[in-house]
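Participant: coords below, sequence missing:
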């Protein structure tokens, strides 16, 4: 396992690379690329591919380890994960590709470094707002140098602002949320990696997503944990016991609110 000083140096280098890839490969293509479609129906663009290629190459100079990226094939992803027990980069070159393609300024670059199957450092960068969220295991979470959370959050579920992505939630639960919401108000930004960070920052009080891939949650889950938040899946109280490749997510920053949120969802 890498020591704290090594992880700090790796985090600093990763932050620099993420900022660089946004400047060189992503923002010059904002509003200038056409969408393409994967076999599963999801969208990608030339910018996704260029950013992933850049990060996969440059991150190996920080730590020469396998890389799992969203735009790789499933076989490539599985082989990299299996080979990366002692060190693995996991990257989402552009999360919120639909927003990116349609000119909605809510998208992010997200990178996490794993050892022994758990994230040790995490970076999520929103280039339009110039917001760099980052965390290192055991050292807290930050936004542009300011420790998270940024503000006190709701102390009851009834007063909470919720981030909810409805499209992958089981229908009975989605119907309950739509007809009898237990919270004050609801938002959905179309960018999972940023939504995790918004919970960590106190911009959202609770969070629910019906199914995230590894690269959607890998950085955000560490950032939220280091900000003092809690998380689980719909089936697992221990978030880390869930299958690696796809996990439903429920989370909150305030432990009392998280308990009430978890009880309501499972009720």
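Facilitator: Noted; the coordinates are in hand. As the structure is a prediction and not an experimental result, all values here were calculated from the model. Numbering: from 1, shown residues only.
Participant: can you list the weak-confidence ranges in the protein?
Facilitator: The model of the chain has pLDDT under 70 over residues 33-44.
Participant: Let's see that with 80 instead.
Facilitator: 32-45 (pLDDT under 80).
Participant: in which helix or strand would I find the most centrally placed residue in the chain?
Facilitator: Geometric centre of the chain, nearest residue: residue 193, 2.8 Å, by C-alpha atoms, centre = their mean. Assigned by DSSP states H and E, residue 193 falls within helix 192-201.
Participant: hang on, the earlier thing: list the residues that contact the residue nearest to the centre of the chain.
Facilitator: 92, 95, 96, 108, 110, 124, 216, 219, 220 (C-beta atoms under 8 Å, 6 or more residues apart in numbering). Heads up, the C-betas are built off the backbone N, CA and C, glycines and all.
Participant: neighbour-wise, which of those residues leads?
Facilitator: residue 220 (35 neighbours; other C-beta atoms under 10 Å).
Participant: Am I right that it is in contact with residue 108?
Facilitator: No - assessed by C-beta atoms under 8 Å, residue 220 is found out of contact with residue 108, at 9.5 Å.
Participant: Name whatever forms a beta bridge with the closest residue to residue 197 other than its chain neighbours.
Facilitator: In this structure, residue 197 finds its nearest non-sequential neighbour in residue 133, 4.2 Å apart by C-beta to C-beta, 6 or more residues apart in numbering. Counting by DSSP bridges, residue 133 is bridged to residue 124, residue 143.
Participant: Quick check: which element contains residue 164?
Facilitator: Per DSSP H and E: strand 161-165 holds residue 164.
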